[in-house]
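> From the sequence below, what's the structure:
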Amino acid sequence: MGVNTRPFAWEKSYPPGLSWDAPVEISTVPALLREAAATYGPKTAIEFRGRTISYAELLAGAEIAAGAFTRAGIGRGHSVALYLPNTPYHPLAFFGGTMSGARVVHLSPLDAERELAHKLKDSGARVIVTTNIGGMYERAEKLLETGLIDLLVVGDDAHWGPSPVAPTPIGERPRVATFASFTAEGGPPPSPPEIRPEDIALLQYTGGTTGMPKGAILTHANLTAAVSMYSNWFGALPQDRTEHDKILCVLPLFHIYALTTILLRGLKRGAEIALRTRFDVEQTLRDIEIGRITHFPGVPTMWIALSAVPGIETRDFSSLAYCGSGGAPLPVEVADRFERLTGHRLVGGWGMTETSPAGTNRLSAGPTKPGTIGLPLPGVEMDVCSLQDPSKTLPPGEVGELRIRGPNVTQGYWNRPEETKAAFVDGWFLTGDIGYMDEDGFFFIVDRKKDMIISGGFNVYPQMIEQAIYEHPAVEECLVVGIPDPYRGESAKAFVKLRAGAASFGLEELQAFLKDKLGRHEMPQALEIRPALPRTAIGKLSKLELRDEERKKAADAAARRGAA
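Residues are numbered from 1 along each chain as shown. Sure thing, here's the model as predicted:
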C-alpha cells in the first residue's frame with residue numbers, strides 16, 4: 001500500500017459506515033441557507049439573549065440585506081467588511097453579502113487600527129458593517145474619517161434586547177446608516193446575481209503571526225465542501241445526533257472555526273444555535289444545565305477554565321452529546337482532566353483557515369491514541385513530506401511537514417502571488433505543521449514549523465515541552481518559546497500561569513519535575529510565572545507577544561553590551 005494510493009492508511013481505522021469516498025456536496029453559501037429554510041422553516045435557527053430567529057426569518061432577513069447591499073452598489077467583484085462580535089447581525093450580513101455576489105471580509109474586534117487599515121486596503125472593502133458596543137463603532141468612524149471606507153452600516157445592539165454593556169448612541173451623519181435604515185426598503189435584489197461555486201465567498205485573514213495578515217481565498221465550493229465533509233464524518237457517528245440539536249456558539253463567528261463548524265454546518269443540519277457574545281464560565285454552565293445544550297465546540301482555554309471551577313464534577317452535563325476542541329493544540333493532560341471530571345471525552349480535530357477549516361477529526365468513541373489530531377475527513381488527502389524537500393513523501397512514523405489537498409483547500413492568498421506559490425508543491429498545500437502519521441493512519445502534530453527551536457543543533461518542539469509541563473499539578477496554562485542562548489544558539493523558556501491557590505515554583509524545581517519527561521536539549525532554561533498569558537481573538541493562547549518581548553530584551557541587552 002503506497003502512502004498516496006487507495007486504500008489510504010486511515011481508511012482501515014474509520015468507524016463502521018464511514019467511507020472516504022462518500023460524495024462531497026459542493027454548492028454555494030446562499031443555496032445552503034435557502035435549502036435549510038425550505039426544510040426547517042419555522043424551527044429556531046438562532047437564539048440570542050432569549051430572542052429567537054426562525055430559519056424562514058433568517059433567510060428573509062438575509063435576502064433583505066442582500067437587496068440593500070445591491071442598492072448600495074455592492075455586488076460581484078466587491079468586498080464588504082464585517083466588523084462584528086457574535087450578534088445576529090453577523091449571519092444576516094454574511095449571508096446577505098454573499099447573496100449579493102460580494103466577497104465577505106472578516107475584521108476582528110481585537111484588531112489594532114493598523115491591522116484594520118491593512119485588511120481594508122488589501123481586500124478593497126469600502127463598506128463596513130459593525131455594531132455599537134465594544135468600541136467598534138467609534139473605531140469604524142475613524143476609518144470613515146480617514147477615507148478608508150465610503151459607507152458605515154451600524155447595527156443597534158439594543159435591537160436584540162438588554163446588553164451587558166451600554167451601546168453607544170448612533171449619531172446622524174453623512175455616510176453612516178443604521179442597519180435598520182440601510183435595510184428599510186426591504187426585499188431581495190430585484191435581479192439577484194447568479195452565484196457560482198467557484199466564486200469567492202470569503203477573504204479570511206490569517207492570524208498574522210508573521211508580518212501583516214494575509215487573506216486566504218475561500219470560495220463557495222471550499223466552504224460547502226468543508227460542511228459536507230463534516231456531515232459525512234459525523235453522519236457515521238450516531239451519538240452525534242440528538243432529538244433536538246442545540247449548539248452553543250461562544251466561539252467568534254468572524255473566525256473560520258465557528259463560521260463553518262457552527263453556523264454553516266449547524267444550519268445545514270437544522271440545529272438551533274445558541275449565540276453568545278463571548279465565553280463566560282457561569283453563563284456556559286447555565287446554558288448546559290438549564291438550556292440543555294447538546295453540542296459545545298470550544299478551544300483548549302475554555303476546557304481549562306471549566307475544569308478549574310470548584311465542584312465541576314457535580315455539575316449536570318447529561319444533555320451534552322458532543323464536546324469538541326479545536327483552534328489550537330489540545331494538551332493531553334487538559335483532555336484527560338476534563339474527561340475525569342465530567343465524564344465527557346473531548347473530540348474535535350485539526351484544521352486551518354486555509355482548509356475552511358476541514359482536516360482531521362478524532363474518534364468520539366472506542367480506543368483513543370493520546371495526542372493524536374485524528375484521521376483525515378472523507379474527501380481529504382493528507383501526507384507528510386520531508387522538511388528539506390517538500391516534494392518527497394515520508395513513510396509512516398517519520399517526522400516532517402503535513403501536506404493536504406481536497407476541494408476544501410484554498411486556491412491561495414489574496415494579492416500574494418509569491419506566498420501562494422510557496423504554499424503549494426505539486427498541488428499539495430504545505431500546512432507549516434510538523435508531525436507524522438502512524439501505521440494506522442492517525443496523524444500527530446509535534447509543533448508548528450515556525451515555532452521550532454534549534455538548540456545545539458537539535459530540533460526542539462515547544463509543544464512537546466508544553467505537554468510535559470501541563471502534567472505539573474500546579475500548572476493551569478503554559479507556553480514555551482525560543483530565546484537566544486549564547487552556548488546553544490537557542491533554548492526554551494516556559495511561561496506559566498498557576499492554578500488558583502497553587503504554590504509557586506522555580507526553574508530548578510520545574511527541571512527536576514521534567515527530568516524523566518524531556519531530553520536535556522529540550523529542558524527549559526528559563527521560567528517566568530505570570531498571572532495571565534496572552535490570547536488571540538478566538539481565545540487561544542498566543543506566543544506572538546511573548547516572542548516579541550524576548551526579542552526586545554535580547555536586542556536591549558546587546559545594545560547595552562555594545563555601549564559598555
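
> count of neighbours near Thr416?
Quick fix: residue 416 is Arg, not Thr. 16 (other C-beta atoms under 10 Å). The C-beta positions use only the backbone N, C-alpha and C, and glycine is treated the same way.

> Could you pull out the helices in the stretch 151-300 of the chain for me?
179-182, 220-235, 256-258, 265-268, 281-289, 300-307 (DSSP state H, counting those that start in this stretch).

> Please convert those to a markdown table, extending it with distance to Glu471, mean neighbour count and mean pLDDT.
Putting the helices of the stretch 151-300 of the chain into a markdown table (distance: least, C-beta to C-beta, whole Å; neighbours: other C-beta atoms under 10 Å; pLDDT from 0 to 100) gives the following:
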| stretch | distance to Glu471 | mean neighbour count | mean pLDDT |
| --- | --- | --- | --- |
| helix 179-182 | 49 | 18 | 98 |
| helix 220-235 | 31 | 24 | 97 |
| helix 256-258 | 27 | 25 | 95 |
| helix 265-268 | 34 | 24 | 98 |
| helix 281-289 | 24 | 16 | 98 |
| helix 300-307 | 14 | 21 | 91 |
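
> does Ala62 really touch Ser100, like I thought?
No: with contacts counted by C-beta atoms under 8 Å, Ala62 stays clear of Ser100, the gap being 10.0 Å.

> buried stuff in stretch 113-130?
Neighbour counts over stretch 113-130 (16 or more other C-beta atoms under 10 Å) mark 115-116, 118-120, 122-123, 125-130 as buried.

> which residues sit against stretch 551-564?
483-484 (C-beta atoms under 8 Å, 6 or more residues apart in numbering).

> per-residue confidence averaged over that stretch?
Across stretch 551-564, pLDDT averages out at 79.

> Relative to Asp245, which of the buried residues of stretch 113-130 is nearest.
Val129 (28.3 Å; C-beta to C-beta).

> can you tell me how far the closest one sits from Arg51?
19 Å (C-beta to C-beta, to the nearest Å).

> Just give me how far stretch 389-396 sits from the chain centre.
28 Å (C-alpha atoms, centre = their mean, to the nearest Å).

> Output the below-cut-off pLDDT ranges for this protein.
Applying pLDDT under 70 to the chain picks out residues 1-3, 207-211, 239-240, 457, 564.

> What's the biggest helix in the chain, counting residues?
helix 544-563 (DSSP state H).

> So what does Leu514 have for phi and psi?
phi -90, psi 0 (degrees, to the nearest 10).

> my guess is it contacts Tyr470, does it?
No: using C-beta under 8 Å, Leu514 makes no contact with Tyr470, being 11.1 Å away.

> before we move on, the earlier item: and the helices of the stretch 151-300 of the chain as a markdown table, adding distance to Thr314?
Below are the helices of the stretch 151-300 of the chain laid out as a markdown table (distance: least, C-beta to C-beta, whole Å):
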| stretch | distance to Thr314 |
| --- | --- |
| helix 179-182 | 43 |
| helix 220-235 | 30 |
| helix 256-258 | 29 |
| helix 265-268 | 30 |
| helix 281-289 | 11 |
| helix 300-307 | 13 |
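
> just so I know, which of those lies nearest His244?
The nearest among those, by C-beta to C-beta, is helix 265-268 at 12.6 Å.

> Need the residues that contact that closest one.
32-33, 35-36, 45, 55, 58, 227, 230-231, 245, 247, 249, 273.

> Of these, which belong to strands?
Secondary structure from DSSP state E places 45, 247, 249, 273 of the contacts of helix 265-268 in strands.

> all helices of the stretch 301-450 of the chain, in order?
Using DSSP H, counting those that start in this stretch, helices in the stretch 301-450 of the chain cover 332-342, 417-423.

> Pick the most buried one from those.
helix 332-342 (a mean of 18; mean count of other C-beta atoms under 10 Å).

> With adjacent residues omitted, what lies nearest to Thr242?
With sequence-adjacent residues excluded and distances taken as C-beta to C-beta, 6 or more residues apart in numbering, Thr242 is closest to Thr294, at 4.5 Å.

> and that neighbour, what does it touch?
242, 244-247, 319-322 are the contacts of Thr294 under C-beta under 8 Å, 6+ apart.

> same check, this time on Glu466
With C-beta under 8 Å, 6+ apart, Glu466 has these contacts: 331, 478-480.

> Tell me the one of these nearest Pro376?
Pro331 (22.4 Å).

> Pipe the helices of the stretch 301-450 of the chain into a markdown table and attach distance to Thr168 per row.
A markdown table is the format used below for these (distance: least, C-beta to C-beta, whole Å):
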| stretch | distance to Thr168 |
| --- | --- |
| helix 332-342 | 38 |
| helix 417-423 | 38 |
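
> so which of those comes closest to Glu11?
helix 332-342 (25.2 Å).

> Can you name every helix or strand that the closest one contacts?
helix 300-307, strand 346-348 (3 or more C-beta pairs under 8 Å, 6 or more residues apart in numbering; DSSP states H and E).

> what's the angle from it to helix 281-289?
60 degrees (axes from the mean of the first three to the mean of the last three C-alpha atoms, to 10 degrees).

> Just want the angle from helix 332-342 to helix 300-307.
Using the same axes, to 10 degrees: helix 332-342 against helix 300-307 is 40 degrees.

> can you tell me how far Ala216 sits from Asp111?
16 Å.

> rewinding a little: who has more neighbours out of Ala62 and Ser100?
Using other C-beta under 10 Å as the criterion, Ala62 and Ser100 rank with Ser100 on top: 30 against 26.

> From what I see, that one and Pro188 are in contact.
No: in this structure, Ser100 is not within contact of Pro188 by C-beta under 8 Å, at 9.6 Å.
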